[in-house]
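**Q** Provided below are the primary sequence and the corresponding predicted coordinates.
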Amino acid sequence: MRDRRLRAPEVGPGGGLGPPRGASRAPGDPARFGPDSRSPLLEAGWHYIDTVELDDVTAEDWALLNRQRDSFYAREQLRQVLRLLKCSEGDASFGYQINNYRHCLQAATLAYRAGEDEEIVVAALLHDVGVVLCPDSHAEFAACLLASYVSERTHWMLRHHTIFQHVHLAGVHDPAFDPDERERWRGHRYFECTAAFVDRYDQRAICPNYDTAPLEFFVPMVQRVFARPPHHLVVD
Ligand SMILES: [Fe+2]
Ligand SMILES: [Fe+2]
């Protein structure tokens, strides 16, 4: 596996990731938590539980949480998924001519223009959304993110897309990647579609001059996929 030793992030003279020692935060700074600093509830009419220790949560508390949780997740999940992608919009590149945000949008645009169904377009949009967060397991990250809303086939494609890319790296002679790694899946029912997904969309989506659709174009598609009734996917 490639050596990914981390370099320490830039820190202030205080030694931490916050403001330097002695500096005060401005009023209203969300990082400042006072003695009574409950986070706002999403909906008017919702209620807090009084309990502040998880071990002390009562059946009554739990029932209240259950009543509010489903609609909270229904609204916040989509917002957070889109925010996760959107937050990398202005990121720099480490060498490719476009950053990961544009790569994701471009892969989705290619899939859409090839006539793929909505689920594949959304899979292309989100296939690398975790690539900086967890480089070596970003395929599993994307597969987990969509697992409850997509088919077993799409989940498998996402989960294995990095392995299917290695064949395209044969020419770079990097010992970290085995170009034939995908061959252990030869004959699998999802081998050909995964190879096509990678070949047609992922591999081709690094062009700075491609007429890539904006994120807003894909938002209704992401919304519809995450609005599907969630299912429990049994993964082999
Ligand atoms: Fe990837
Ligand atoms: Fe990719």
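**A** Perfect, I can see it now. Ligands and ions are numbered 1, 2, ... in the order given.

**Q** rest of the way, CA atoms for contacts and neighbours
**A** OK.

**Q** which secondary structure element contains the residue most central in space within the chain?
**A** Central residue check for the chain by CA atoms, centre = their mean: the C-alpha nearest the mean position is that of Val129, 3.8 Å away. In this structure, Val129 sits in neither a helix nor a strand according to DSSP states H and E.

**Q** so who does the residue nearest to it when sequence neighbours are not counted touch?
**A** Leaving aside its chain neighbours, Val129 sits nearest to Leu85 (5.9 Å; criterion: CA to CA, 6 or more residues apart in numbering). Neighbouring residues of Leu85 by CA atoms under 8 Å, 6 or more residues apart in numbering: Tyr101, Leu126, Val129.

**Q** buried stuff in the strand or helix carrying Leu85?
**A** If you go by DSSP H and E, Leu85 is part of helix 59-86. Within helix 59-86, the residues that count as buried by 16 or more other CA atoms under 10 Å are Gln68, Leu78, Leu82, Leu85.

**Q** just the residues you listed now: which is nearest Glu216?
**A** Leu82 (9.9 Å; CA to CA).

**Q** got the contact list for that closest one?
**A** Counted by CA under 8 Å, 6+ apart, Leu82 has contacts Val219.

**Q** And the residue nearest to Val129, how close does it get to Phe218?
**A** 12 Å (CA to CA, to the nearest Å).

**Q** Just the helices from this structure, written as ranges.
**A** 59-86, 100-113, 118-126, 138-146, 152-165, 191-197, 215-226 (DSSP state H).

**Q** Just checking the distance from the first one to the centre of its chain.
**A** Translated: helix 59-86. 17 Å (CA atoms, centre = their mean, to the nearest Å).

**Q** again with stretch 177-196
**A** Put simply, stretch 177-196 sits 23 Å off its chain's centre (CA atoms, centre = their mean).

**Q** Now that stretch: buried residues?
**A** Buried, per 16+ other CA under 10 Å, within stretch 177-196: Phe177, Pro179, Arg182, Tyr190, Phe191, Thr194, Ala195.

**Q** one step back: closest one to Ser39 among the helices of the chain?
**A** Ser39 lies closest to helix 59-86 among the helices of the chain, at 13.8 Å (CA to CA).

**Q** Could I get the average pLDDT for that closest one?
**A** In this model, helix 59-86 has a mean pLDDT of 95.

**Q** just the angle between that helix and helix 100-113, please?
**A** 90 degrees (axes from the mean of the first three to the mean of the last three CA atoms, to 10 degrees).

**Q** now helix 59-86 and helix 138-146, what's the angle there?
**A** Helix 59-86 and helix 138-146 meet at an angle of 130 degrees, taking the same axes, to 10 degrees as the criterion.

**Q** hang on, the earlier thing: show me the residues around the residue nearest to the centre of the chain that make contact.
**A** By CA under 8 Å, 6+ apart, the contact set of Val129 is Leu84, Leu85, Asn100, Tyr101, Cys104, His138, Ala142.

**Q** And for Leu146?
**A** Ala123, His155.

**Q** Retrieve the pLDDT associated with it.
**A** 98.

**Q** same check, this time on the one 3 residues further on
**A** Per-residue confidence at Tyr149 stands at 97 (pLDDT).

**Q** What's the per-residue pLDDT of Val225 here?
**A** We have a pLDDT of 97 for Val225.

**Q** That one and Asp117 touch, don't they?
**A** No - in this structure, Val225 is not within contact of Asp117 by CA atoms under 8 Å, at 11.1 Å.

**Q** For Asn209, find the nearest of the helices of the chain.
**A** For Asn209, the closest of the helices of the chain is helix 100-113, at 10.4 Å, according to CA to CA.

**Q** quick one, that closest one and helix 215-226 angle?
**A** Using the same axes, to 10 degrees, the inter-axis angle of helix 100-113 relative to helix 215-226 is 70 degrees.
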